[in-house]
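Engineer: need a structure here:
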Amino acid sequence: MARPSNIAIIGAPLDLGAGRRGVDMGPSAIRMANLNRRVASLGYTVEDLGNIEVTQAETAAEGSGHAKYLPEIAAACQRLAEAVGQALERGALPLTLGGDHSIAAGSASGVSRFFREKGQRVGIIWLDAHADMNTPETSPSGNVHGMPLACVVGMGPRELTHLFGYAPKVEPRNAVIVGLRDVDQMEKPHVRDSGVRAFTMRDIDERGLRSVMDEAIRLATDGTAGFHLSLDMDFVDPRDAPGVGTPVRGGVTYREAHLAMEMICDSAQMVSMEVVEVNPVIDEANRTGDLAVELVMSGLGKRIL
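Structural biologist: Residues are numbered from 1 along each chain as shown. Here you go, the predicted model:
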């Protein structure tokens with residue numbers, strides 16, 4: 001696959017899906033770490049499309065306790081899906097900046113529809129401490145950022161599963177989670193029975209990240225036109241990424257995170273990318289925003305030599 005020469009940056013400053021406020025400032029924090037200039041230094045033409053419009057929590061009713069702010073999140077995901085699809089139509093690689101992880105229902109839908117119209121499928125690689133495979137029936141919190149991967153593979157509220165009128169957006173056999181270490185009790189059967197392949201931190205400990213990423217890329221690209229990469233910054237251990245929406249100890253190391261992104265770049269199969277859950281409110285001098293940019297750079301071709 002030829003490497004796109006254009007990167008389209010799309011901000012999605014949504015925090016309605018999270019329990020803790022602050023990730024709506026994530027796109028600003030990532031841009032403040034010189035994202036645009038640093039990506040351009042790799043030889044790309046960078047087009048920053050600004051932020052999609054999102055509803056502020058203060059102006060909306062929470063709604064159902066099982067899926068809080070669902071209509072507002074679905075509307076934002078629809079706008080994001082259309083922006084991502086338009087970037088792909090122009091031949092650019094969409095780089096979406098979150099926001100909480102519920103935006104992935106939108107970005108993945110935009111990618112999926114673009115390739116579906118060409119008669120092709122896409123895969124998804126989900127780098128995350130969490131499975132994000134709750135549904136309103138199983139979620140202990142009702143926070144939609146714990147549901148987007150379920151929505152992408154066709155489980156969950158119809159407002160998110162059926163953006164553009166069809167589901168699933170990604171076949172479960174082409175969906176892969178890497179870095180899993182925190183799964184809700186009632187969510188576990190969803191992960192086990194869905195057909196999604198989940199690599200836990202134990203798999204990484206036992207097999208090494210290289211072996212796990214090799215298999216993840218193989219699964220996500222099996223019969224597909226490429227994959228959407230969804231990077232939740234809590235994939236990385238909180239020692240290196242303290243400013244995230246839901247930190248969990250025991251994540252991948254700084255170097256393992258870079259290796260994952262370098263291997264994704266080497267595969268030349270990534271067609272879209274998002275970085276989510278950067279929360280500057282609890283970060284330390286924008287360390288997590290800066291690391292997000294470093295990892296994006298590795299995913300887009302930055303090399304040590």
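Engineer: next, the distance between the ends of stretch 241-255.
Structural biologist: 13 Å (C-alpha to C-alpha, to the nearest Å).
Engineer: name the residues that touch that stretch?
Structural biologist: Outside of stretch 241-255, the residues that reach it under the criterion C-beta atoms under 8 Å, 6 or more residues apart in numbering are 18-20, 22-23, 29, 100-101, 129-130, 145, 179, 181-182, 201, 204, 209, 232-238, 240, 260, 277-284, 286-289, 291. C-beta: built from backbone N, CA, C; applies to glycine.
Engineer: now, these that are in helices?
Structural biologist: A29, M201, I204, L209, A260, R287, T288, G289, L291 (DSSP state H).
Engineer: what about the strands in the stretch 201-305 of the chain?
Structural biologist: When secondary structure is read from DSSP state E, counting those that start in this stretch, the stretch 201-305 of the chain shows strands at 227-232, 270-276.
Engineer: could you look over the ones you listed and pick the most buried one?
Structural biologist: strand 227-232 (a mean of 28; mean count of other C-beta atoms under 10 Å).
Engineer: next, the distance between the ends of stretch 13-29.
Structural biologist: Counting by C-alpha to C-alpha, you get 11 Å between the two ends of stretch 13-29.
Engineer: buried ones in it, by neighbour count?
Structural biologist: Buried residues in stretch 13-29, counting neighbours by 16 or more other C-beta atoms under 10 Å, are found at 13-18, 22-29.
Engineer: now, which of these sits nearest I304?
Structural biologist: Sorting those by how near they are to I304, with C-beta to C-beta, puts A29 at the top with 25.3 Å.
Engineer: re the thing from before, quick one, which of the strands of the stretch 201-305 of the chain is nearest to V39?
Structural biologist: Of all the strands of the stretch 201-305 of the chain, strand 270-276 sits nearest to V39, with 10.9 Å by C-beta to C-beta.
Engineer: could you say what helices and strands that closest one packs with?
Structural biologist: For strand 270-276, the helices and strands in contact under the criterion 3 or more C-beta pairs under 8 Å, 6 or more residues apart in numbering; DSSP states H and E are helix 26-32, helix 70-89, strand 93-98, helix 104-116, strand 227-232, helix 287-299.
Engineer: who touches the residue sitting nearest the centre point of the chain in this structure?
Structural biologist: If you average the C-alpha coordinates of the chain and look for the closest C-alpha using C-alpha atoms, centre = their mean, you land on S230, 2.5 Å from that point. Under the criterion of C-beta under 8 Å, 6+ apart, the contact list for S230 reads H101, A104, S107, A108, I124, I125, W126, L127, D128, L149, E274, V276.
Engineer: how about a cut-off of 10 Å?
Structural biologist: The contact partners of S230, taken as C-beta atoms under 10 Å, 6 or more residues apart in numbering, are 96, 98, 101, 103-104, 107-108, 124-128, 132, 148-149, 152, 175, 177, 272-276.
Engineer: are any of the contacts of stretch 241-255 buried, and which?
Structural biologist: Neighbour counting over these (16+ other C-beta under 10 Å) leaves 18, 22-23, 29, 100-101, 129-130, 145, 179, 181-182, 201, 204, 209, 232-238, 240, 260, 277-280, 283, 286, 288-289, 291 as the buried ones.
Engineer: mind listing what's buried along stretch 33-48?
Structural biologist: Under the neighbour-count criterion of 16+ other C-beta under 10 Å, stretch 33-48 has A33, L35, N36, R38, V39, Y44, V46, D48 buried.
Engineer: dump the residues you listed to TSV, plus secondary structure.
Structural biologist: As requested, the buried residues of stretch 33-48 are exported to TSV (DSSP: H, G, I helix; E, B strand; the rest coil):
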residue	secondary structure
A33	coil
L35	helix
N36	helix
R38	helix
V39	helix
Y44	coil
V46	strand
D48	strand
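Engineer: mind putting those residues in TSV, pLDDT and distance to G91 included?
Structural biologist: Listed next are these as TSV, based on pLDDT from 0 to 100; distance: C-beta to C-beta, whole Å:
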residue	pLDDT	distance to G91
A33	98	26
L35	98	20
N36	98	19
R38	98	22
V39	98	16
Y44	98	12
V46	98	14
D48	98	17
